[in-house]
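Q: This is a predicted model, with the sequence first.
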Amino acid sequence: NAGVTQTPKFRVLKTGQSMTLLCAQDMNHEYMYWYRQDPGMGLRLIHYSVGEGTTAKGEVPDGYNVSRLKKQNFLLGLESAAPSQTSVYFCASSTQSTGTSLYNEQFFGPGTRLTVL
Amino acid sequence: DAKTTQPTSMDCAEGRAANLPCNHSTISGNEYVYWYRQIHSQGPQYIIHGLKNNETNEMASLIITEDRKSSTLILPHATLRDTAVYYCILAYNTDKLIFGTGTRLQVFP
(Lines give C-alpha, C1' and ligand atoms only; values in the text may rest on other atoms or scores of the structure.)
Protein backbone atom coordinates (compact mmCIF):
# COMPACT_ATOMS: atom_id res chain seq x y z
CA ASN A 1 0.00 0.00 0.00
CA ALA A 2 1.21 3.50 -0.84
CA GLY A 3 -0.61 5.02 2.13
CA VAL A 4 -1.18 8.75 1.68
CA THR A 5 0.33 10.40 -1.37
CA GLN A 6 0.42 14.06 -2.32
CA THR A 7 0.87 15.72 -5.69
CA PRO A 8 2.90 17.78 -6.45
CA LYS A 9 5.84 17.69 -4.02
CA PHE A 10 6.96 21.23 -4.83
CA ARG A 11 5.34 24.19 -6.54
CA VAL A 12 6.13 27.85 -7.09
CA LEU A 13 3.27 30.20 -7.91
CA LYS A 14 2.97 33.87 -8.65
CA THR A 15 0.54 35.98 -6.67
CA GLY A 16 -2.96 35.61 -8.09
CA GLN A 17 -2.39 32.25 -9.77
CA SER A 18 -4.52 29.26 -8.91
CA MET A 19 -3.65 25.66 -8.31
CA THR A 20 -4.98 22.41 -6.90
CA LEU A 21 -3.18 20.06 -4.54
CA LEU A 22 -4.16 16.42 -4.77
CA CYS A 23 -4.21 13.98 -1.88
CA ALA A 24 -4.88 10.29 -2.41
CA GLN A 25 -5.15 7.44 0.07
CA ASP A 26 -5.49 3.72 -0.56
CA MET A 27 -6.50 2.65 2.95
CA ASN A 28 -10.27 3.08 2.44
CA HIS A 29 -10.33 5.76 5.13
CA GLU A 30 -13.48 7.79 5.71
CA TYR A 31 -11.81 10.90 7.11
CA MET A 32 -9.33 13.12 5.28
CA TYR A 33 -7.64 16.37 6.32
CA TRP A 34 -5.59 19.23 4.97
CA TYR A 35 -3.10 21.02 7.21
CA ARG A 36 -0.57 23.75 6.65
CA GLN A 37 2.70 24.18 8.50
CA ASP A 38 4.59 27.45 8.56
CA PRO A 39 8.29 27.62 9.56
CA GLY A 40 8.81 26.88 13.25
CA MET A 41 5.13 26.28 13.81
CA GLY A 42 2.89 23.33 14.42
CA LEU A 43 0.33 22.11 11.92
CA ARG A 44 -2.93 23.97 11.52
CA LEU A 45 -6.08 22.36 10.15
CA ILE A 46 -7.43 24.02 6.99
CA HIS A 47 -10.38 21.80 6.01
CA TYR A 48 -11.41 18.24 6.61
CA SER A 49 -13.88 15.69 5.31
CA VAL A 50 -15.75 12.97 7.18
CA GLY A 51 -16.89 11.20 4.04
CA GLU A 52 -17.34 11.35 0.30
CA GLY A 53 -19.20 14.50 -0.73
CA THR A 54 -18.82 16.23 2.65
CA THR A 55 -16.34 18.85 3.81
CA ALA A 56 -15.96 21.11 6.82
CA LYS A 57 -13.87 24.10 7.82
CA GLY A 58 -10.94 23.76 10.14
CA GLU A 59 -8.92 26.36 11.99
CA VAL A 60 -7.62 28.38 9.00
CA PRO A 61 -9.99 27.86 6.02
CA ASP A 62 -9.88 31.33 4.41
CA GLY A 63 -8.43 31.43 0.91
CA TYR A 64 -8.86 27.69 0.34
CA ASN A 65 -11.53 25.43 -1.08
CA VAL A 66 -11.76 21.66 -0.98
CA SER A 67 -13.64 18.87 -2.67
CA ARG A 68 -14.13 15.18 -1.88
CA LEU A 69 -15.80 13.74 -4.96
CA LYS A 70 -14.24 10.31 -4.47
CA LYS A 71 -13.59 8.61 -1.16
CA GLN A 72 -9.91 8.12 -1.89
CA ASN A 73 -9.18 11.68 -3.03
CA PHE A 74 -9.23 15.04 -1.27
CA LEU A 75 -8.43 18.15 -3.29
CA LEU A 76 -7.23 21.48 -1.90
CA GLY A 77 -7.65 24.51 -4.14
CA LEU A 78 -6.15 27.96 -4.03
CA GLU A 79 -8.18 30.23 -6.29
CA SER A 80 -5.95 33.30 -6.04
CA ALA A 81 -2.65 32.53 -4.34
CA ALA A 82 -1.13 35.03 -1.92
CA PRO A 83 2.38 35.16 -0.41
CA SER A 84 0.81 34.41 3.00
CA GLN A 85 -0.08 30.98 1.65
CA THR A 86 3.57 30.04 1.29
CA SER A 87 3.78 26.97 3.46
CA VAL A 88 4.14 23.21 3.59
CA TYR A 89 0.83 21.46 3.11
CA PHE A 90 0.14 18.08 4.64
CA CYS A 91 -2.72 15.76 3.91
CA ALA A 92 -3.83 13.06 6.32
CA SER A 93 -6.46 10.37 6.55
CA SER A 94 -8.01 8.21 9.24
CA THR A 95 -10.75 5.69 9.76
CA GLN A 96 -14.12 6.82 11.05
CA SER A 97 -14.42 7.83 14.68
CA THR A 98 -16.93 5.60 16.41
CA GLY A 99 -17.06 7.34 19.74
CA THR A 100 -14.76 8.82 22.31
CA SER A 101 -13.63 5.39 23.40
CA LEU A 102 -11.94 4.65 20.10
CA TYR A 103 -9.16 6.69 18.59
CA ASN A 104 -8.03 6.29 15.04
CA GLU A 105 -4.59 7.60 14.24
CA GLN A 106 -4.11 10.00 11.40
CA PHE A 107 -1.77 8.88 8.62
CA PHE A 108 0.09 11.74 6.98
CA GLY A 109 1.43 12.25 3.50
CA PRO A 110 4.93 13.55 2.74
CA GLY A 111 3.84 17.13 2.20
CA THR A 112 3.77 19.70 -0.61
CA ARG A 113 6.10 22.70 -0.39
CA LEU A 114 4.35 25.71 -1.92
CA THR A 115 6.00 29.07 -2.49
CA VAL A 116 3.96 32.05 -3.62
CA LEU A 117 6.00 34.93 -5.01
CA ASP B 1 -4.49 27.94 20.80
CA ALA B 2 -2.90 24.70 21.88
CA LYS B 3 -3.95 23.63 25.37
CA THR B 4 -0.68 21.94 26.19
CA THR B 5 2.68 23.26 27.35
CA GLN B 6 5.91 21.55 26.33
CA PRO B 7 9.58 22.49 26.65
CA THR B 8 10.96 23.96 23.47
CA SER B 9 13.88 21.56 23.24
CA MET B 10 15.57 18.65 24.99
CA ASP B 11 18.70 16.58 24.56
CA CYS B 12 19.18 12.88 25.21
CA ALA B 13 22.14 10.53 24.90
CA GLU B 14 21.74 7.61 22.57
CA GLY B 15 20.67 4.47 24.42
CA ARG B 16 19.26 6.40 27.36
CA ALA B 17 15.60 6.93 28.10
CA ALA B 18 14.10 10.14 26.77
CA ASN B 19 11.39 11.60 29.02
CA LEU B 20 9.30 14.28 27.36
CA PRO B 21 6.95 16.18 29.68
CA CYS B 22 3.65 17.82 28.79
CA ASN B 23 1.44 20.01 30.96
CA HIS B 24 -2.30 20.14 30.29
CA SER B 25 -3.83 21.61 33.42
CA THR B 26 -7.15 22.49 31.71
CA ILE B 27 -7.80 19.03 30.29
CA SER B 28 -11.46 18.02 30.19
CA GLY B 29 -12.79 14.72 31.46
CA ASN B 30 -13.22 13.12 28.07
CA GLU B 31 -10.17 14.54 26.32
CA TYR B 32 -7.47 12.11 25.31
CA VAL B 33 -3.73 12.83 25.36
CA TYR B 34 -2.12 12.07 22.01
CA TRP B 35 1.52 12.11 21.00
CA TYR B 36 2.80 12.54 17.48
CA ARG B 37 6.29 13.19 16.20
CA GLN B 38 7.65 14.83 13.07
CA ILE B 39 11.04 13.80 11.76
CA HIS B 40 12.81 16.44 9.70
CA SER B 41 9.80 18.04 7.98
CA GLN B 42 8.21 14.72 7.08
CA GLY B 43 4.53 14.19 7.81
CA PRO B 44 3.78 13.65 11.49
CA GLN B 45 3.69 10.10 12.81
CA TYR B 46 1.37 8.82 15.51
CA ILE B 47 3.11 7.45 18.60
CA ILE B 48 0.63 6.72 21.37
CA HIS B 49 -2.46 7.99 23.14
CA GLY B 50 -4.20 7.60 26.50
CA LEU B 51 -7.10 8.77 28.61
CA LYS B 52 -6.42 7.91 32.26
CA ASN B 53 -4.26 4.84 32.46
CA ASN B 54 -0.63 4.50 31.53
CA GLU B 55 -0.11 3.07 28.08
CA THR B 56 2.73 1.25 26.37
CA ASN B 57 3.30 0.13 22.81
CA GLU B 58 6.27 -0.88 20.72
CA MET B 59 7.41 2.71 20.31
CA ALA B 60 6.93 4.35 23.69
CA SER B 61 5.23 4.56 27.06
CA LEU B 62 2.79 7.23 28.17
CA ILE B 63 2.53 8.10 31.85
CA ILE B 64 -0.48 10.25 32.84
CA THR B 65 -0.68 11.69 36.34
CA GLU B 66 -3.65 10.77 38.49
CA ASP B 67 -5.16 14.28 38.22
CA ARG B 68 -4.53 14.13 34.44
CA LYS B 69 -2.96 17.58 34.44
CA SER B 70 0.33 16.39 33.05
CA SER B 71 1.87 13.47 31.22
CA THR B 72 5.25 12.14 30.15
CA LEU B 73 6.19 10.36 26.96
CA ILE B 74 9.02 7.90 27.49
CA LEU B 75 11.22 6.56 24.72
CA PRO B 76 12.99 3.77 26.63
CA HIS B 77 16.16 3.52 24.55
CA ALA B 78 16.54 6.58 22.36
CA THR B 79 18.33 6.24 19.04
CA LEU B 80 19.58 8.85 16.60
CA ARG B 81 16.48 8.13 14.49
CA ASP B 82 14.32 9.41 17.35
CA THR B 83 15.58 12.95 16.76
CA ALA B 84 12.37 14.81 15.92
CA VAL B 85 9.78 17.31 17.08
CA TYR B 86 7.33 15.70 19.50
CA TYR B 87 3.80 17.03 19.81
CA CYS B 88 1.54 16.51 22.80
CA ILE B 89 -2.10 17.07 21.77
CA LEU B 90 -5.44 17.02 23.57
CA ALA B 91 -8.58 16.12 21.68
CA TYR B 92 -11.94 14.40 22.03
CA ASN B 93 -11.75 12.50 18.80
CA THR B 94 -9.86 12.01 15.61
CA ASP B 95 -10.92 15.07 13.69
CA LYS B 96 -9.98 17.81 16.15
CA LEU B 97 -6.23 17.63 16.58
CA ILE B 98 -4.57 20.97 17.37
CA PHE B 99 -0.80 20.91 17.07
CA GLY B 100 1.31 23.27 19.15
CA THR B 101 4.99 23.92 18.54
CA GLY B 102 6.12 20.74 20.30
CA THR B 103 9.45 19.72 21.82
CA ARG B 104 12.49 19.38 19.61
CA LEU B 105 14.33 16.27 20.86
CA GLN B 106 17.95 15.94 19.86
CA VAL B 107 19.51 12.52 20.44
CA PHE B 108 23.30 12.65 20.44
CA PRO B 109 25.86 9.83 20.13
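A: Nice, I can see it. Numbers count the residues shown, from 1 in each chain, chains lettered A, B, ... in the order given.

Q: How much space separates the residue of chain B at minimum distance from chain A from A:Leu43?
A: Nearest residue of chain B to chain A (Cβ to the nearest Cβ) works out as B:Gly43 at 2.9 Å. For glycine as for every other residue, the C-beta is placed from the backbone atoms N, C-alpha and C. Distance of B:Gly43 to A:Leu43, given as Cβ to Cβ, to the nearest Å: 9 Å.

Q: that older thread, quick one: contacts for the residue of chain B closest to chain A?
A: Contact analysis of B:Gly43 by Cβ atoms under 8 Å, 6 or more residues apart in numbering or on different chains lists A:4, A:90, A:92, A:108-111.

Q: hang on, the earlier thing: shared neighbours of B:Gly43 and A:Leu43, anything?
A: By Cβ under 8 Å, 6+ apart, B:Gly43 and A:Leu43 have these common neighbours: A:Phe90.

Q: Quick check on the residue of chain A found nearest chain B: phi, psi?
A: Chain A approaches chain B most closely through A:Phe108 (2.9 Å), counting by Cβ to the nearest Cβ. Reported as degrees, to the nearest 10, the phi and psi values for A:Phe108 are phi -100, psi 150.

Q: what is it paired to in the beta sheet?
A: Counting by DSSP bridges, A:Phe108 forms beta bridges with A:Ala92.

Q: What is the burial count for it?
A: Neighbour count for A:Phe108, taken as other Cβ atoms under 10 Å in any protein chain shown: 23.

Q: surely it meets A:Tyr89?
A: No: judged on Cβ atoms under 8 Å, A:Phe108 makes no contact with A:Tyr89 at a distance of 11.0 Å.

Q: Tell me, how many residues neighbour A:Arg11?
A: For A:Arg11, the neighbour count with other Cβ under 10 Å is 17.

Q: nope, A:Gln96 is what I was after
A: A:Gln96 has 13 neighbouring residues, counting by other Cβ under 10 Å.

Q: correct me, but it touches A:Asn104?
A: Yes: counting by Cβ under 8 Å, A:Gln96 touches A:Asn104, with 7.2 Å between them.

Q: what do these two both touch?
A: Common neighbours of A:Gln96 and A:Asn104 (Cβ under 8 Å, 6+ apart) are A:Tyr31.

Q: Let me know the distance separating the spatially most central residue of chain A from B:His77.
A: By Cα atoms, centre = their mean, chain A has its centre lying nearest to A:Trp34, at 2.2 Å. Taking Cβ to Cβ as the measure, A:Trp34 falls 36 Å from B:His77.

Q: what does B:Ala13 give?
A: The gap separating B:Ala13 from B:His77 is 11 Å, by Cβ to Cβ.

Q: what helix or strand does B:Arg68 sit in?
A: Assigned by DSSP states H and E, B:Arg68 falls within no helix or strand.

Q: count of neighbours near the closest residue to it other than its chain neighbours?
A: Closest residue to B:Arg68 apart from its sequence neighbours, by Cβ to Cβ, 6 or more residues apart in numbering or on different chains: B:Ile27 at 5.3 Å. Neighbour count of B:Ile27, defined by other Cβ under 10 Å: 19.

Q: List the contacts of B:Ile27.
A: Residues in contact with B:Ile27 (Cβ under 8 Å, 6+ apart) are B:3, B:33, B:68-69, B:90.

Q: Can you show me the strands along the chain?
A: Picking chain A for this. Ranges of strands within chain A are A:4-7, A:10-13, A:19-25, A:31-37, A:43-51, A:54-57, A:65-67, A:73-78, A:87-94, A:107-108, A:112-116, based on DSSP state E.

Q: my bad, chain B
A: Using DSSP E, strands in chain B cover B:9-13, B:18-23, B:32-38, B:45-50, B:55-56, B:61-64, B:70-75, B:84-91, B:103-108.
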